[in-house]
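Asker: what's the 3D shape of this:
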Amino acid sequence: MTTVRWLLAQRRLQLALRGGADGLGRSLDCAVSSELADAGEWLSGGEVLLTTGLRLGEDVAVRRAYLAGLDRVGVAAVGLGVGFGFDEVPRDMAETADELGLPLFEVPLPIPFSAVTRAVLDQIAAQRSARLVTATKAQPRMTRAAASGGSAALVRELAEAIDQHVVLLDTGLAVVATAPRTIPSADLNRIRDLVVRDPASAGAVWMTDDATITVARVGSGGRTYGHLGVVGTSALDDVARMLVGHATSLLAIEHAKPRQVTRDVVDLHDDALALAIGGSVSGPGLRRILGRAADRAGRVRAAVFTFADPEAAAQGRRRLVDDLDHRWRPVFVHRDDVEVIALLRGDDHVEFAVGLLAMMNRSAPVSGGIGPAGELREVGESVRQARLACRSAAVGQLVDLCGSRSLLTMNPVRQALADASAQRLSPVIAHDEQHGTNLRESLLAFLEANGNWGVAAAARGVHRHTLRHRIERIEDMLEVDLSDARTRAELLLMLLGADA
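Answerer: Presented below is the predicted three-dimensional model:
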(Lines give C-alpha, C1' and ligand atoms only; values in the text may rest on other atoms or scores of the structure.)
Protein backbone atom coordinates (compact mmCIF):
# COMPACT_ATOMS: atom_id res chain seq x y z
CA MET A 1 0.00 0.00 0.00
CA THR A 2 1.36 3.43 -1.00
CA THR A 3 0.94 5.96 1.81
CA VAL A 4 1.55 9.69 2.31
CA ARG A 5 4.40 8.75 4.63
CA TRP A 6 6.09 6.86 1.79
CA LEU A 7 5.73 9.85 -0.56
CA LEU A 8 7.28 12.29 1.90
CA ALA A 9 10.18 9.88 2.42
CA GLN A 10 11.26 10.23 -1.23
CA ARG A 11 14.25 12.51 -0.74
CA ARG A 12 14.69 13.40 -4.40
CA LEU A 13 11.33 15.20 -4.30
CA GLN A 14 12.36 17.40 -1.35
CA LEU A 15 8.81 17.54 0.01
CA ALA A 16 8.33 19.07 3.46
CA LEU A 17 5.36 18.34 5.71
CA ARG A 18 3.73 21.52 7.07
CA GLY A 19 0.61 20.14 8.75
CA GLY A 20 -1.67 17.14 9.25
CA ALA A 21 0.92 14.68 10.57
CA ASP A 22 -1.85 12.47 11.98
CA GLY A 23 -2.84 11.50 8.43
CA LEU A 24 0.51 10.21 7.21
CA GLY A 25 -0.87 6.67 7.11
CA ARG A 26 -3.49 7.55 4.49
CA SER A 27 -3.20 5.47 1.33
CA LEU A 28 -2.73 6.96 -2.13
CA ASP A 29 -4.21 5.65 -5.36
CA CYS A 30 -3.28 8.50 -7.72
CA ALA A 31 -1.87 12.05 -7.96
CA VAL A 32 -3.64 14.96 -9.71
CA SER A 33 -3.12 18.70 -10.04
CA SER A 34 -5.83 21.39 -10.07
CA GLU A 35 -6.15 25.12 -9.48
CA LEU A 36 -9.92 25.01 -9.01
CA ALA A 37 -11.18 26.55 -5.79
CA ASP A 38 -13.84 23.79 -5.63
CA ALA A 39 -11.54 20.92 -6.68
CA GLY A 40 -13.17 18.58 -4.14
CA GLU A 41 -16.28 18.36 -6.29
CA TRP A 42 -14.22 16.64 -9.02
CA LEU A 43 -12.41 14.13 -6.80
CA SER A 44 -13.47 10.76 -5.38
CA GLY A 45 -10.93 10.20 -2.57
CA GLY A 46 -7.49 8.69 -2.22
CA GLU A 47 -5.78 11.35 -4.36
CA VAL A 48 -2.74 13.51 -3.73
CA LEU A 49 -3.88 16.94 -4.90
CA LEU A 50 -1.14 19.25 -6.16
CA THR A 51 -1.88 22.99 -6.45
CA THR A 52 -0.16 26.39 -6.41
CA GLY A 53 -3.13 27.96 -4.62
CA LEU A 54 -3.50 30.75 -7.19
CA ARG A 55 -7.30 30.76 -6.77
CA LEU A 56 -7.29 30.76 -2.95
CA GLY A 57 -6.32 34.37 -2.37
CA GLU A 58 -5.77 35.97 1.05
CA ASP A 59 -9.11 35.10 2.64
CA VAL A 60 -8.38 32.76 5.56
CA ALA A 61 -11.97 31.49 5.64
CA VAL A 62 -11.76 30.50 1.97
CA ARG A 63 -8.53 28.60 2.50
CA ARG A 64 -9.90 26.76 5.51
CA ALA A 65 -13.06 25.80 3.62
CA TYR A 66 -10.93 24.62 0.70
CA LEU A 67 -9.00 22.13 2.85
CA ALA A 68 -12.15 21.01 4.71
CA GLY A 69 -13.88 20.27 1.40
CA LEU A 70 -10.95 18.17 0.20
CA ASP A 71 -10.90 16.24 3.47
CA ARG A 72 -14.64 15.50 3.20
CA VAL A 73 -14.26 13.72 -0.11
CA GLY A 74 -11.32 11.66 1.20
CA VAL A 75 -8.35 13.34 -0.44
CA ALA A 76 -5.25 11.67 0.97
CA ALA A 77 -2.95 14.70 1.00
CA VAL A 78 -2.45 18.18 -0.44
CA GLY A 79 0.80 19.42 -1.96
CA LEU A 80 1.18 23.23 -2.20
CA GLY A 81 3.72 24.40 -4.75
CA VAL A 82 5.48 27.54 -3.46
CA GLY A 83 6.94 30.37 -5.52
CA PHE A 84 3.72 31.25 -7.37
CA GLY A 85 0.68 32.15 -5.28
CA PHE A 86 2.53 31.69 -1.97
CA ASP A 87 6.18 31.94 -0.97
CA GLU A 88 5.52 29.42 1.81
CA VAL A 89 2.61 27.43 3.20
CA PRO A 90 0.32 29.87 5.10
CA ARG A 91 0.13 29.32 8.85
CA ASP A 92 -3.69 29.17 8.80
CA MET A 93 -3.62 26.35 6.24
CA ALA A 94 -1.08 24.41 8.30
CA GLU A 95 -3.24 24.81 11.42
CA THR A 96 -6.35 23.69 9.53
CA ALA A 97 -4.48 20.66 8.21
CA ASP A 98 -3.50 19.74 11.76
CA GLU A 99 -7.11 20.03 12.90
CA LEU A 100 -8.33 17.83 10.06
CA GLY A 101 -5.47 15.34 10.12
CA LEU A 102 -5.07 16.06 6.40
CA PRO A 103 -1.38 15.98 5.39
CA LEU A 104 -0.30 19.28 3.83
CA PHE A 105 3.18 19.41 2.35
CA GLU A 106 5.26 21.98 0.55
CA VAL A 107 6.52 21.36 -2.98
CA PRO A 108 9.65 23.47 -3.65
CA LEU A 109 9.75 25.56 -6.81
CA PRO A 110 12.41 23.47 -8.64
CA ILE A 111 10.31 20.28 -8.32
CA PRO A 112 7.70 19.91 -11.09
CA PHE A 113 4.32 18.47 -10.17
CA SER A 114 4.87 15.82 -12.82
CA ALA A 115 7.76 14.42 -10.79
CA VAL A 116 5.47 13.90 -7.81
CA THR A 117 2.78 12.41 -10.00
CA ARG A 118 5.22 10.05 -11.69
CA ALA A 119 6.66 8.90 -8.36
CA VAL A 120 3.19 8.02 -7.03
CA LEU A 121 2.07 6.24 -10.19
CA ASP A 122 5.34 4.31 -10.51
CA GLN A 123 5.07 3.13 -6.92
CA ILE A 124 1.45 2.07 -7.34
CA ALA A 125 2.35 0.22 -10.54
CA ALA A 126 5.26 -1.52 -8.80
CA GLN A 127 3.03 -2.59 -5.94
CA ARG A 128 0.36 -3.88 -8.29
CA SER A 129 2.99 -5.79 -10.21
CA ALA A 130 4.22 -7.33 -6.97
CA ARG A 131 0.64 -8.20 -6.02
CA LEU A 132 0.12 -9.84 -9.40
CA VAL A 133 3.26 -11.91 -8.90
CA THR A 134 1.93 -12.88 -5.48
CA ALA A 135 -1.40 -13.80 -7.04
CA THR A 136 0.22 -15.97 -9.70
CA LYS A 137 1.92 -17.86 -6.87
CA ALA A 138 -1.21 -17.99 -4.72
CA GLN A 139 -3.49 -19.40 -7.41
CA PRO A 140 -1.61 -22.71 -7.80
CA ARG A 141 -1.45 -23.03 -4.01
CA MET A 142 -5.20 -22.51 -3.80
CA THR A 143 -5.80 -25.08 -6.52
CA ARG A 144 -3.59 -27.64 -4.75
CA ALA A 145 -5.33 -26.90 -1.44
CA ALA A 146 -8.75 -27.45 -3.01
CA ALA A 147 -7.62 -30.71 -4.60
CA SER A 148 -5.96 -32.16 -1.51
CA GLY A 149 -7.80 -30.63 1.43
CA GLY A 150 -11.19 -29.57 0.09
CA SER A 151 -13.10 -26.40 0.86
CA ALA A 152 -11.63 -25.83 4.34
CA ALA A 153 -8.05 -25.92 3.03
CA LEU A 154 -8.97 -23.59 0.18
CA VAL A 155 -10.55 -21.08 2.57
CA ARG A 156 -7.37 -21.08 4.69
CA GLU A 157 -5.19 -20.53 1.63
CA LEU A 158 -7.37 -17.66 0.37
CA ALA A 159 -7.39 -15.95 3.77
CA GLU A 160 -3.61 -16.06 3.86
CA ALA A 161 -3.26 -14.81 0.27
CA ILE A 162 -5.48 -11.73 0.72
CA ASP A 163 -4.76 -11.19 4.45
CA GLN A 164 -8.46 -11.00 5.29
CA HIS A 165 -10.98 -13.05 7.26
CA VAL A 166 -12.79 -15.53 5.01
CA VAL A 167 -15.87 -17.63 5.74
CA LEU A 168 -17.69 -20.15 3.55
CA LEU A 169 -21.43 -20.62 4.10
CA ASP A 170 -23.65 -23.36 2.71
CA THR A 171 -27.06 -22.65 1.18
CA GLY A 172 -28.61 -22.77 4.66
CA LEU A 173 -26.13 -20.03 5.74
CA ALA A 174 -24.40 -22.39 8.15
CA VAL A 175 -20.62 -22.00 8.48
CA VAL A 176 -18.71 -24.60 6.49
CA ALA A 177 -15.21 -23.24 7.06
CA THR A 178 -13.58 -20.06 8.33
CA ALA A 179 -10.02 -18.72 8.43
CA PRO A 180 -7.68 -17.61 9.86
CA ARG A 181 -9.93 -18.00 12.92
CA THR A 182 -13.58 -17.96 13.90
CA ILE A 183 -15.30 -14.90 12.45
CA PRO A 184 -17.03 -12.53 14.93
CA SER A 185 -20.76 -13.13 15.18
CA ALA A 186 -21.58 -9.53 14.25
CA ASP A 187 -19.66 -9.81 10.97
CA LEU A 188 -21.18 -13.24 10.31
CA ASN A 189 -24.68 -11.82 10.73
CA ARG A 190 -23.84 -8.97 8.33
CA ILE A 191 -22.71 -11.48 5.72
CA ARG A 192 -25.92 -13.46 6.17
CA ASP A 193 -27.97 -10.27 5.84
CA LEU A 194 -26.25 -9.48 2.53
CA VAL A 195 -27.06 -12.95 1.21
CA VAL A 196 -30.68 -12.81 2.37
CA ARG A 197 -31.21 -9.48 0.59
CA ASP A 198 -30.38 -11.02 -2.78
CA PRO A 199 -29.41 -14.72 -2.69
CA ALA A 200 -28.93 -14.89 -6.47
CA SER A 201 -26.59 -11.89 -6.64
CA ALA A 202 -23.07 -12.64 -7.82
CA GLY A 203 -21.65 -10.38 -5.10
CA ALA A 204 -22.28 -7.53 -2.70
CA VAL A 205 -20.26 -5.15 -0.51
CA TRP A 206 -21.16 -3.66 2.86
CA MET A 207 -18.95 -0.94 4.36
CA THR A 208 -19.10 -0.02 8.06
CA ASP A 209 -16.99 2.22 10.25
CA ASP A 210 -14.68 -0.64 11.19
CA ALA A 211 -14.95 -3.19 8.38
CA THR A 212 -15.64 -3.82 4.72
CA ILE A 213 -17.61 -6.98 4.01
CA THR A 214 -17.64 -8.61 0.58
CA VAL A 215 -19.88 -11.54 -0.36
CA ALA A 216 -19.51 -13.68 -3.48
CA ARG A 217 -21.94 -16.38 -4.62
CA VAL A 218 -20.57 -19.86 -5.19
CA GLY A 219 -22.55 -21.49 -7.95
CA SER A 220 -22.77 -22.78 -11.48
CA GLY A 221 -25.35 -21.50 -13.92
CA GLY A 222 -28.56 -20.98 -12.02
CA ARG A 223 -27.58 -23.22 -9.11
CA THR A 224 -26.19 -21.82 -5.87
CA TYR A 225 -24.00 -24.02 -3.68
CA GLY A 226 -23.08 -21.47 -1.03
CA HIS A 227 -21.57 -18.05 -0.41
CA LEU A 228 -18.04 -16.83 0.31
CA GLY A 229 -17.69 -13.89 2.71
CA VAL A 230 -14.59 -11.72 3.17
CA VAL A 231 -14.14 -9.29 6.06
CA GLY A 232 -11.33 -6.74 6.19
CA THR A 233 -10.52 -3.20 7.20
CA SER A 234 -10.54 -1.96 3.60
CA ALA A 235 -12.14 -2.80 0.27
CA LEU A 236 -10.60 -5.57 -1.82
CA ASP A 237 -8.18 -4.44 -4.50
CA ASP A 238 -8.14 -5.84 -8.03
CA VAL A 239 -5.77 -8.67 -7.17
CA ALA A 240 -7.74 -9.72 -4.09
CA ARG A 241 -10.97 -9.72 -6.10
CA MET A 242 -9.25 -11.89 -8.70
CA LEU A 243 -8.21 -14.39 -6.02
CA VAL A 244 -11.71 -14.43 -4.52
CA GLY A 245 -13.07 -15.13 -8.00
CA HIS A 246 -10.59 -17.96 -8.42
CA ALA A 247 -11.66 -19.41 -5.08
CA THR A 248 -15.37 -19.31 -5.94
CA SER A 249 -14.63 -21.05 -9.24
CA LEU A 250 -12.70 -23.81 -7.49
CA LEU A 251 -15.46 -24.22 -4.90
CA ALA A 252 -18.11 -24.42 -7.62
CA ILE A 253 -16.09 -27.05 -9.48
CA GLU A 254 -15.65 -29.02 -6.26
CA HIS A 255 -19.38 -28.98 -5.52
CA ALA A 256 -20.53 -29.58 -9.09
CA LYS A 257 -18.25 -32.50 -9.82
CA PRO A 258 -19.87 -35.48 -11.59
CA ARG A 259 -22.17 -37.49 -9.36
CA GLN A 260 -20.32 -40.69 -10.15
CA VAL A 261 -17.13 -39.18 -8.75
CA THR A 262 -19.03 -38.15 -5.63
CA ARG A 263 -20.45 -41.65 -5.20
CA ASP A 264 -17.01 -43.21 -5.65
CA VAL A 265 -15.52 -40.91 -2.99
CA VAL A 266 -18.39 -41.67 -0.60
CA ASP A 267 -17.84 -45.42 -1.10
CA LEU A 268 -14.10 -45.02 -0.52
CA HIS A 269 -14.76 -43.10 2.69
CA ASP A 270 -17.28 -45.77 3.74
CA ASP A 271 -14.66 -48.50 3.37
CA ALA A 272 -12.06 -46.41 5.23
CA LEU A 273 -14.47 -45.83 8.12
CA ALA A 274 -15.35 -49.54 8.25
CA LEU A 275 -11.65 -50.39 8.60
CA ALA A 276 -11.22 -47.79 11.34
CA ILE A 277 -14.24 -49.13 13.24
CA GLY A 278 -12.63 -52.56 13.14
CA GLY A 279 -9.54 -51.11 14.79
CA SER A 280 -7.31 -50.88 11.71
CA VAL A 281 -5.97 -47.36 11.31
CA SER A 282 -2.52 -48.39 10.20
CA GLY A 283 -0.88 -47.10 7.09
CA PRO A 284 -0.38 -43.49 6.01
CA GLY A 285 -2.89 -43.80 3.17
CA LEU A 286 -5.80 -44.70 5.45
CA ARG A 287 -4.83 -42.05 8.01
CA ARG A 288 -4.62 -39.45 5.26
CA ILE A 289 -8.12 -40.35 4.02
CA LEU A 290 -9.63 -40.33 7.53
CA GLY A 291 -7.87 -37.03 8.18
CA ARG A 292 -10.29 -35.35 5.75
CA ALA A 293 -12.95 -35.66 8.43
CA ALA A 294 -10.78 -34.24 11.22
CA ASP A 295 -10.77 -30.76 12.72
CA ARG A 296 -7.67 -28.56 12.72
CA ALA A 297 -6.29 -30.43 15.73
CA GLY A 298 -6.58 -33.73 13.86
CA ARG A 299 -9.46 -35.02 16.01
CA VAL A 300 -12.66 -36.83 15.03
CA ARG A 301 -15.72 -38.17 16.84
CA ALA A 302 -18.30 -40.77 15.91
CA ALA A 303 -22.08 -40.56 15.87
CA VAL A 304 -24.22 -43.71 15.73
CA PHE A 305 -27.87 -43.74 14.64
CA THR A 306 -30.05 -46.82 15.12
CA PHE A 307 -33.17 -47.50 13.03
CA ALA A 308 -35.98 -50.03 13.36
CA ASP A 309 -34.88 -52.21 10.43
CA PRO A 310 -32.15 -52.43 7.75
CA GLU A 311 -34.35 -50.85 5.07
CA ALA A 312 -34.97 -47.76 7.21
CA ALA A 313 -31.24 -47.63 8.01
CA ALA A 314 -30.36 -47.74 4.30
CA GLN A 315 -32.73 -44.87 3.63
CA GLY A 316 -31.35 -42.97 6.61
CA ARG A 317 -27.82 -43.46 5.32
CA ARG A 318 -28.76 -41.96 1.94
CA ARG A 319 -30.34 -38.94 3.60
CA LEU A 320 -27.33 -38.48 5.87
CA VAL A 321 -24.90 -38.69 2.94
CA ASP A 322 -26.88 -36.08 0.99
CA ASP A 323 -27.16 -33.78 4.00
CA LEU A 324 -23.44 -33.87 4.83
CA ASP A 325 -22.56 -33.32 1.18
CA HIS A 326 -24.97 -30.39 1.07
CA ARG A 327 -23.15 -28.93 4.08
CA TRP A 328 -19.77 -29.19 2.25
CA ARG A 329 -18.68 -31.91 4.69
CA PRO A 330 -16.37 -34.80 3.80
CA VAL A 331 -18.82 -37.71 3.88
CA PHE A 332 -17.77 -40.64 6.07
CA VAL A 333 -20.90 -42.76 6.63
CA HIS A 334 -21.07 -46.52 7.12
CA ARG A 335 -24.14 -48.74 7.59
CA ASP A 336 -24.00 -51.88 9.71
CA ASP A 337 -27.40 -53.62 9.61
CA VAL A 338 -29.74 -51.21 11.49
CA GLU A 339 -26.93 -48.84 12.52
CA VAL A 340 -25.65 -45.86 10.57
CA ILE A 341 -22.27 -44.59 11.73
CA ALA A 342 -20.95 -41.15 10.79
CA LEU A 343 -17.51 -39.69 11.39
CA LEU A 344 -17.67 -36.03 12.43
CA ARG A 345 -15.09 -33.38 13.22
CA GLY A 346 -13.70 -33.44 16.72
CA ASP A 347 -14.89 -29.88 17.36
CA ASP A 348 -18.46 -30.58 16.24
CA HIS A 349 -20.88 -29.86 19.07
CA VAL A 350 -23.60 -32.26 20.14
CA GLU A 351 -26.15 -29.86 18.61
CA PHE A 352 -24.76 -30.64 15.16
CA ALA A 353 -25.40 -34.37 15.62
CA VAL A 354 -28.84 -33.60 17.09
CA GLY A 355 -29.66 -31.71 13.89
CA LEU A 356 -28.63 -34.71 11.80
CA LEU A 357 -30.80 -37.01 13.89
CA ALA A 358 -33.79 -34.65 13.64
CA MET A 359 -33.40 -34.56 9.85
CA MET A 360 -33.45 -38.38 9.61
CA ASN A 361 -36.17 -38.79 12.24
CA ARG A 362 -38.60 -36.91 9.98
CA SER A 363 -38.60 -39.94 7.65
CA ALA A 364 -38.14 -42.88 10.03
CA PRO A 365 -37.88 -43.37 13.80
CA VAL A 366 -34.24 -43.23 14.89
CA SER A 367 -32.22 -42.87 18.07
CA GLY A 368 -28.65 -41.69 18.32
CA GLY A 369 -25.50 -41.50 20.38
CA ILE A 370 -22.27 -39.58 20.03
CA GLY A 371 -18.80 -40.57 21.13
CA PRO A 372 -15.91 -38.52 22.48
CA ALA A 373 -13.46 -36.61 20.31
CA GLY A 374 -10.07 -38.22 19.83
CA GLU A 375 -7.21 -38.90 17.47
CA LEU A 376 -7.65 -40.95 14.30
CA ARG A 377 -6.35 -44.08 15.99
CA GLU A 378 -9.20 -43.75 18.52
CA VAL A 379 -12.03 -43.95 15.98
CA GLY A 380 -13.00 -47.44 17.14
CA GLU A 381 -13.25 -46.31 20.77
CA SER A 382 -15.40 -43.32 19.83
CA VAL A 383 -17.73 -45.59 17.83
CA ARG A 384 -17.96 -48.04 20.74
CA GLN A 385 -18.96 -45.29 23.17
CA ALA A 386 -21.37 -43.79 20.63
CA ARG A 387 -23.05 -47.20 20.31
CA LEU A 388 -23.31 -47.45 24.08
CA ALA A 389 -24.85 -43.98 24.24
CA CYS A 390 -27.27 -44.85 21.44
CA ARG A 391 -28.55 -47.83 23.38
CA SER A 392 -29.52 -45.43 26.17
CA ALA A 393 -31.45 -43.13 23.82
CA ALA A 394 -35.17 -43.13 23.19
CA VAL A 395 -36.54 -42.73 19.67
CA GLY A 396 -35.90 -39.19 18.45
CA GLN A 397 -33.24 -38.63 21.11
CA LEU A 398 -29.45 -38.39 20.92
CA VAL A 399 -27.38 -39.20 24.00
CA ASP A 400 -23.87 -37.99 24.83
CA LEU A 401 -22.55 -40.08 27.71
CA CYS A 402 -19.25 -38.19 27.82
CA GLY A 403 -20.97 -34.82 27.92
CA SER A 404 -23.25 -36.04 30.71
CA ARG A 405 -20.24 -37.55 32.52
CA SER A 406 -21.86 -40.98 32.63
CA LEU A 407 -20.23 -43.63 34.78
CA LEU A 408 -20.26 -45.93 31.76
CA THR A 409 -17.47 -43.86 30.19
CA MET A 410 -15.08 -44.80 33.02
CA ASN A 411 -12.98 -47.89 32.33
CA PRO A 412 -12.90 -49.18 35.94
CA VAL A 413 -16.67 -48.89 36.19
CA ARG A 414 -17.23 -50.66 32.89
CA GLN A 415 -14.88 -53.45 33.91
CA ALA A 416 -16.64 -53.89 37.25
CA LEU A 417 -20.03 -54.02 35.54
CA ALA A 418 -18.77 -56.50 32.95
CA ASP A 419 -17.44 -58.76 35.71
CA ALA A 420 -20.71 -58.51 37.60
CA SER A 421 -22.66 -59.28 34.43
CA ALA A 422 -20.66 -62.41 33.70
CA GLN A 423 -21.30 -63.66 37.25
CA ARG A 424 -24.86 -62.49 37.87
CA LEU A 425 -26.24 -63.33 34.42
CA SER A 426 -24.32 -66.57 33.92
CA PRO A 427 -27.48 -68.81 34.00
CA VAL A 428 -29.06 -66.82 31.15
CA ILE A 429 -25.82 -66.68 29.13
CA ALA A 430 -25.26 -70.42 29.59
CA HIS A 431 -28.83 -71.20 28.51
CA ASP A 432 -28.45 -69.15 25.32
CA GLU A 433 -25.18 -70.89 24.48
CA GLN A 434 -26.57 -74.38 25.08
CA HIS A 435 -29.97 -73.97 23.44
CA GLY A 436 -29.39 -71.20 20.86
CA THR A 437 -31.97 -68.93 22.47
CA ASN A 438 -31.94 -65.13 22.76
CA LEU A 439 -32.92 -64.65 26.37
CA ARG A 440 -30.13 -62.13 27.03
CA GLU A 441 -31.22 -59.91 24.13
CA SER A 442 -34.85 -60.15 25.23
CA LEU A 443 -33.87 -59.12 28.76
CA LEU A 444 -31.88 -56.17 27.46
CA ALA A 445 -34.79 -55.00 25.27
CA PHE A 446 -37.17 -55.28 28.23
CA LEU A 447 -34.82 -53.33 30.51
CA GLU A 448 -34.09 -50.63 27.92
CA ALA A 449 -37.86 -50.20 27.46
CA ASN A 450 -38.11 -49.70 31.25
CA GLY A 451 -40.48 -52.64 31.57
CA ASN A 452 -42.83 -51.58 28.76
CA TRP A 453 -43.99 -54.82 27.18
CA GLY A 454 -45.21 -53.33 23.92
CA VAL A 455 -42.04 -51.34 23.22
CA ALA A 456 -39.76 -54.24 24.15
CA ALA A 457 -41.71 -56.77 22.06
CA ALA A 458 -41.60 -54.46 19.04
CA ALA A 459 -37.84 -53.98 19.48
CA ARG A 460 -37.32 -57.77 19.43
CA GLY A 461 -39.91 -58.39 16.71
CA VAL A 462 -41.91 -60.86 18.78
CA HIS A 463 -45.41 -61.03 20.24
CA ARG A 464 -45.96 -59.56 23.69
CA HIS A 465 -46.96 -62.96 25.10
CA THR A 466 -43.76 -64.52 23.74
CA LEU A 467 -41.66 -61.81 25.40
CA ARG A 468 -43.61 -62.15 28.67
CA HIS A 469 -42.92 -65.89 28.68
CA ARG A 470 -39.18 -65.27 28.16
CA ILE A 471 -39.01 -62.70 30.96
CA GLU A 472 -40.76 -65.10 33.36
CA ARG A 473 -38.15 -67.77 32.54
CA ILE A 474 -35.35 -65.24 33.17
CA GLU A 475 -36.90 -64.27 36.53
CA ASP A 476 -36.88 -67.96 37.55
CA MET A 477 -33.26 -68.43 36.41
CA LEU A 478 -31.95 -65.34 38.19
CA GLU A 479 -34.37 -65.54 41.13
CA VAL A 480 -35.35 -61.87 40.75
CA ASP A 481 -38.54 -59.81 40.42
CA LEU A 482 -38.24 -57.64 37.30
CA SER A 483 -41.23 -55.54 38.30
CA ASP A 484 -38.84 -53.92 40.80
CA ALA A 485 -37.30 -50.77 39.28
CA ARG A 486 -34.06 -51.08 41.28
CA THR A 487 -33.51 -54.63 40.08
CA ARG A 488 -34.11 -53.59 36.49
CA ALA A 489 -31.67 -50.69 36.84
CA GLU A 490 -28.89 -52.90 38.26
CA LEU A 491 -29.27 -55.54 35.56
CA LEU A 492 -29.40 -52.90 32.81
CA LEU A 493 -26.12 -51.35 34.02
CA MET A 494 -24.49 -54.78 34.05
CA LEU A 495 -25.59 -55.52 30.50
CA LEU A 496 -24.51 -52.11 29.24
CA GLY A 497 -21.18 -52.45 30.99
CA ALA A 498 -20.64 -55.85 29.41
CA ASP A 499 -21.52 -54.49 25.96
CA ALA A 500 -19.14 -51.56 26.44
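Asker: Can you tell me the SS state at the most centrally placed residue in the chain?
Answerer: With distances taken as Cα atoms, centre = their mean, residue 177 lies nearest the centre of the chain, 2.2 Å away. Per DSSP: H, G, I helix; E, B strand; the rest coil, the local secondary structure of residue 177 is strand.
Asker: what's near enough to touch the nearest residue to residue 198 once chain neighbours are set aside?
Answerer: Distances taken as Cβ to Cβ, 6 or more residues apart in numbering place residue 204 nearest to residue 198, at 6.8 Å, with adjacent residues excluded. Bear in mind the C-beta positions are built from the backbone N, C-alpha and C, glycine included. Contact analysis of residue 204 by Cβ atoms under 8 Å, 6 or more residues apart in numbering lists 194, 197, 198, 214, 215.
Asker: who touches the first one in this structure?
Answerer: With contacts taken as Cβ under 8 Å, 6+ apart, residue 194 has the following neighbours: 204, 206, 213, 215, 229.
Asker: Where does the last one fall, secondary structure wise?
Answerer: Pointing back at residue 229 there. strand 223-232 (DSSP states H and E).
Asker: And stretch 3-14, how far out from the chain middle?
Answerer: Centroid separation between stretch 3-14 and its chain, computed with Cα atoms, centre = their mean, to the nearest Å, is 43 Å.
Asker: try stretch 169-189
Answerer: The chain centroid and the centroid of stretch 169-189 are separated by 6 Å under Cα atoms, centre = their mean.
Asker: That one: end-to-end distance?
Answerer: By Cα to Cα, to the nearest Å, the extent of stretch 169-189 from end to end equals 11 Å.
Asker: What residues sit buried inside stretch 374-392?
Answerer: 374-376, 378-380, 382-392 (16 or more other Cβ atoms under 10 Å).
Asker: quick one: which of these sit in helices?
Answerer: 379, 380, 382, 383, 384, 385, 386, 387, 388, 389, 390, 391 (DSSP state H).
Asker: For those residues, which two are the farthest from each other?
Answerer: Using Cβ to Cβ, the pair of these lying farthest apart is 379 and 391, separated by 19.1 Å.
Asker: Going along the chain, name the helices of the stretch 301-450 of the chain.
Answerer: Along the stretch 301-450 of the chain, counting by DSSP state H, counting those that start in this stretch, helices occupy 310-326, 350-361, 379-391, 411-424, 426-435, 439-448.
Asker: Low-confidence stretches in the stretch 151-300 of the chain?
Answerer: 258-259 (pLDDT under 70).
Asker: quick one: the strands in it?
Answerer: Remark: strands assigned in the stretch 151-300 of the chain by DSSP state E, counting those that start in this stretch are 165-170, 175-179, 203-207, 212-220, 223-232, 300-307.
Asker: Can you add distance to residue 51 and give those strands back as JSON lines?
Answerer: Listed next are the strands of the stretch 151-300 of the chain as JSON lines, based on distance: least, Cβ to Cβ, whole Å:
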{"stretch": "strand 165-170", "distance to residue 51": "40"}
{"stretch": "strand 175-179", "distance to residue 51": "45"}
{"stretch": "strand 203-207", "distance to residue 51": "29"}
{"stretch": "strand 212-220", "distance to residue 51": "30"}
{"stretch": "strand 223-232", "distance to residue 51": "33"}
{"stretch": "strand 300-307", "distance to residue 51": "65"}
